[in-house]
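*Asks:* From the sequence below, what's the structure:
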Amino acid sequence: MSQWQKHDRAQPELGEPEDLVGRGWTEALPTLTRQLRELERDGLVTRTQYNEIPPRVEYDITDTANTLIPVLEHIATWTTSHGKTLNG
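*Replies:* The predicted structure follows:
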């Protein structure tokens, strides 16, 4: 299975955001939110908001985004093969 493919498994439960991204998450959160909204706007992820307390939002990759997986795999392979020559 590709490293990029969606896995049909339960999402891990997270407590506070710092459990996921460590210290400094409050500075990173606006950037992450903006990027996720851009991906949603572009049709690459779907956003599901649950009206719960505390609030919960889930993002999922779309079928359109799944078509990018082979392209990303080729880029990753090329980078692994040629990355050292690019860095000087």
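*Asks:* Could you point out which residue ranges in the chain have low pLDDT?
*Replies:* 1-23, 25, 87-88 (pLDDT under 70).
*Asks:* could you pull out the helices for it?
*Replies:* With DSSP state H as the criterion, the chain has helices at 18-21, 25-41, 63-66, 69-86.
*Asks:* Please spell out which residues along the last one are buried.
*Replies:* For helix 69-86, burial by neighbour count (16 or more other C-beta atoms under 10 Å) applies to no residue. Where C-beta positions appear, they are placed from N, C-alpha and C, glycine not excepted.
*Asks:* The second one too?
*Replies:* For helix 25-41, the neighbour count (16+ other C-beta under 10 Å) marks residue 39 as buried.
*Asks:* helices or strands up against that helix?
*Replies:* Contacts defined by 3 or more C-beta pairs under 8 Å, 6 or more residues apart in numbering; DSSP states H and E place helix 25-41 against helix 18-21, strand 45-50, strand 56-61.
*Asks:* which residues touch residue 59?
*Replies:* Applying C-beta atoms under 8 Å, 6 or more residues apart in numbering to residue 59 gives the contacts 36, 39-40, 45-48.
*Asks:* if you set the cut-off to 7 Å instead, what comes out?
*Replies:* 36, 45-47 (C-beta atoms under 7 Å, 6 or more residues apart in numbering).
*Asks:* how many other residues sit next to residue 45?
*Replies:* Residues lying near residue 45 (other C-beta atoms under 10 Å) number 19.
*Asks:* ok, it to residue 68 distance?
*Replies:* Remark: distance between residue 45 and residue 68 (C-beta to C-beta, to the nearest Å) = 12 Å.
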